[in-house]
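> Requesting a structural model of the entry that follows:
(2 chains)
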Amino acid sequence: MTSKQLITAGIDIGAATAKVVILKGGKILSALVIPTGGSVKEASRLVMEKALGEAQLSLDDITSVVATGYGRKSVDFANHVITEISCHARGVNLLIPSARSVIDIGGQDSKVIEVNDQGRVVNFAMNDKCAAGTGRFLEVMATVLGTDIGEIGSLSLQGQKPCQISNTCTVFAESEMVSLRAEGENRENILAGIHLAMAHRVAIMGNTVGLKEEIVFTGGVAKNVGMKMALQKRIGKEIRVPEQPQIIGALGAAAIGAQRLRA
Amino acid sequence: MTTEYHELLTLCGFEPDEIQQQRHRIETTFQRLNLVAGDMDRAVSRLRTYFDIELKGVRKVLGTWLKELIDLVMARDEGKKLIYYGYPPFQYMGLVIKKASEAVGDFYIACPEVILCETLGQIFGKLNPVLEAGEAGGLAPGHAMCSLLQIKDGALSLGFIPAPDLSISTSYFCDMGPKADELMQYKHGGYPVEFVDSCMDSPWGEWPAYDPQRIHYLGQQLEQLFSALQDRFGFTIDETIWTEARKLAGPLYAATFRLNKSLTADPLPLGAADAQLILNLPMGCTGIALKEGAEAIEIMAEELEKRVETGVGVLPKNAPRVLMGFPSFVDPALNRLIQDVGLAVPVHTTLLTPPPLPESPKTYKTLGEKRSVVAMHGGLYHSSFGWIGRIKRGLDYTDLDGFLYTYQYSCRPLTCNSKLMKEYVEKEIKLPTLLLDMDMYDDRNYSAGALQTRLEAFAEMLKTKKK
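Here you go, the predicted model:
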């Protein structure tokens, strides 16, 4: 089998979602996202089964499976385990070779990655200790405001006067939301303030790495158009979002698997 | 209880007759520290999981720490006078006081919180009750308060260690030690405290130069301490004592120097968790560690030389080599994780050789001033720039692939300079640097899982670059 015919899979088990990309000769055969749920092992098995079904393949057809994400060590059918930091860098490079910085915001963490022209990590920073600057922060705020997580981004763009959000600690910010609502502040302005506060956290982290253009935004939170706009506003540079930002880690994992087989 | 601790002590290099002879002291210590059969089992399991106990030297070093713990807990019962000093200690200070005190009586001199870290933390994994007692006593976490101070207060509150006859509290590195000691003085029977004040505030770029007034001031503070020790206990500290005290640690430093030579080998013959055990012997202890610790390190050095000769390492050849900031004093799992992700740690920042002194200490008159110059030039007690500059110079002549700057998140001096450290090292030395925000004394303050991703990604990055 030539390298062009090699079929590899990348599986990214995140805190919120499990993703699989099946790759053949640089072409995506299937890409799938499901909720991780309570069992990482079960989610990894299920998402792989579904992705294989979509591509009309069996696990035996896959030459290499590379696992990534926080649940990467629990994927018992993986041939290699690689961190999501390396995988996001490689995945972005595959789609946008001119990218030099990656902002990845997932369910439980956020990262800023400097990447070179070969898709290798040059530098990175990751959020410390708390949920500030993560998808979880947005989820909690959406719940407090009685809004669907899928709508908060577009709603935030309707805010005419973004509220000043003092706290990025998820717990303290939650009580701040309650106070703002009690004062009669409208939902859109609160959401605009929340997005700017979170963008501020990510930008500070980005400063430790140095954000270089082009900047690409990945992870589940990249689907939130309000967050993209808030980051652009705070950073002062254009930010690109791939068509399917959630699958970039899995895509990079599959690409690294292919690269290793060719080496 | 004999059978319950026998396996642990044997694993830690105790001889059978030693266990028999020390039985009363061992059992009294373990009872006082609430260490029961389950704790012994957990300790054995931890040692087998995280340490390289195939090496007799490692087992002996672990045993040395346990003997220091027993000596600390039993010191008052055995009629000794106790002097505690803070961490990081002024170089040789504990040893000097130990040497001087020999003329007048039986003293136990140590940094007790470090001994508790290495034993209740590293070996038993049972430091949380001590930390919680410290928190309950007023040293709450997250208040810019180093968790090391919680350990000292907690251990005094629980009656694990005796209140000292004197505590030497120093602010040449951080002023929270004196603040905490004042609180403890109030809480624990008003034990005497001697404060050694200083100032580590310097303009960016000044080191290795320094304002002579700072030397005069710190020197004078040290002279006041020497006078206070003379008045209180009747022993004298002078240049002769200082020279003799340094000789006390000679075998320990010589053994460490011999061992360090093996750490230049590739593959690296010793892991980060095991190397950590050596770091604090000369910093935290002045007792049995000087002799038995030196012997244990000599054994380890010999074992490592054999590994180097036969090409045996704890990691494959060509593994990325990193300078490490500060290892955890209490969590062998974290130290071991660094090895498990494939990073070789041949040296810690605290073991880097300082640059030569630019000015002879003889230009200063008093012993205090002469020692102050040396301390200031070490960088850590000078300023953020001093510490960064010291590390930069160390890196200049060390063959490394990266810098893993693990630092204490609740330590004000270290937290303040961490970002500067990364920027400066990456810019000036072109060495990839990972900042790892952790807690050297309290494993409740970080998530091992989150740290693992950072460490693995850093290892992947360095391995790719090395190829």
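
> Any residues of the stretch 1-150 of chain A in contact with chain B? List them.
A:70, A:82-86, A:109, A:120-126, A:128-129 (Cβ under 8 Å from any Cβ of the partner chain). Quick note: C-beta positions are derived from backbone N, CA and C, even for glycine.

> mind listing which of the residues you listed are in helices?
Cross-referencing those against helices under DSSP state H gives A:84-86.

> Let's see if you can find the most crowded of these.
A:E84 (32 neighbours; other Cβ atoms under 10 Å in any protein chain shown).

> Excluding sequence neighbours, find me the nearest residue to the residue of the stretch 1-150 of chain A at minimum distance from chain B.
Going by Cβ to the nearest Cβ, chain B is nearest to A:I85 of the stretch 1-150 of chain A, at 3.8 Å. Nearest residue to A:I85, sequence neighbours excluded (Cβ to Cβ, 6 or more residues apart in numbering or on different chains): B:A457, at 3.8 Å.

> Tell me the buried residues in the helix or strand that neighbour falls within?
Per DSSP states H and E: B:A457 is located in helix B:448-466. Within helix B:448-466, the residues that count as buried by 16 or more other Cβ atoms under 10 Å in any protein chain shown are B:450-464.

> Counting neighbours, what do you get for residue 235?
I'll assume chain A. Considering only other Cβ under 10 Å, A:I235 is surrounded by 20 other residues.

> that's the wrong chain, I wanted chain B
Neighbour tally, B:F235, other Cβ under 10 Å: 18.

> Please produce CSV containing the ones in helices among the residues of the stretch 1-150 of chain A next to chain B, extended by pLDDT.
Putting those into CSV (pLDDT from 0 to 100) gives the following:
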residue, pLDDT
A:E84, 94
A:I85, 96
A:S86, 96
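
> wait, doesn't B:T350 sit right on B:F326?
Yes. Contact status for B:T350 versus B:F326: in contact at 7.2 Å, counting by Cβ atoms under 8 Å.

> re the thing from before, any residues touching the helix holding B:A457, and which ones?
A:70, A:82-86, A:109, A:120-122, A:124, A:126, A:128-129, B:318-320, B:322, B:333-334, B:337-338, B:341-343, B:401-402, B:404, B:432, B:434, B:436, B:438 (Cβ atoms under 8 Å, 6 or more residues apart in numbering or on different chains).

> So among those, which ones count as buried?
The buried subset of the contacts of helix B:448-466 (16+ other Cβ under 10 Å) comprises A:70, A:82-86, A:109, A:120-122, A:124, A:126, A:128, B:319-320, B:322, B:333-334, B:337-338, B:341-343, B:401-402, B:404, B:432, B:434, B:436, B:438.

> Provide a list of residue ranges in chain B with pLDDT below threshold.
B:1-2, B:142-144, B:354-355, B:358-362, B:396-398 (pLDDT under 70).

> Near chain A, which residues of it are found?
Checking chain B against chain A by Cβ under 8 Å from any Cβ, the hits are B:409, B:419, B:422, B:426, B:432, B:435, B:437, B:446-447, B:449-450, B:453-454, B:456-457, B:460-461, B:464-465.

> Show me which parts of the lowest-mean-pLDDT helix or strand in chain A are buried, residue by residue.
Within chain A, confidence by mean pLDDT, DSSP states H and E is lowest for helix A:170-182 among all helices and strands, at a mean of 81. For helix A:170-182, the neighbour count (16+ other Cβ under 10 Å) marks A:170, A:173, A:176-177, A:180 as buried.

> how close does the residue nearest to A:I85 get to A:V122?
Shown here: B:A457 relative to A:V122, a distance of 12 Å by Cβ to Cβ, to the nearest Å.

> I'd say B:L82 and B:M74 touch.
No. With contact defined as Cβ under 8 Å, B:L82 does not reach B:M74; the gap is 11.0 Å.

> For stretch B:78-89, measure first residue to last.
26 Å (Cα to Cα, to the nearest Å).

> contacts for it?
B:75-76, B:93-94, B:97, B:101, B:105-114, B:148, B:152, B:162-170, B:173, B:177, B:181, B:233, B:283-284, B:380.

> Which ones among these lie within strands?
When the contacts of stretch B:78-89 are checked against strands (DSSP state E), the matches are B:107-110, B:166-170.

> out of those residues, who's nearest A:E213?
Looking at the ones in strands among the contacts of stretch B:78-89 and their distance to A:E213, the nearest is B:T170, at 48.8 Å (Cβ to Cβ).

> Isn't that closest one up against B:G94?
No. Between B:T170 and B:G94 no contact is recorded; they are 11.5 Å apart, counting by Cβ under 8 Å.

> surely B:P192 meets B:R232?
Yes. Between B:P192 and B:R232 there is a contact at 7.1 Å, judged by Cβ under 8 Å.

> Now list whatever residues contact both of those two.
Common neighbours of B:P192 and B:R232, counting by Cβ under 8 Å, 6+ apart, are B:165-166.

> Excluding sequence neighbours, find me the nearest residue to residue 86.
Let's take chain A. Nearest to A:S86 is B:E460, by Cβ to Cβ, 6+ apart, at 4.8 Å.

> ah, I was thinking of chain B
B:G177 (4.4 Å).

> Understood, closing this out.
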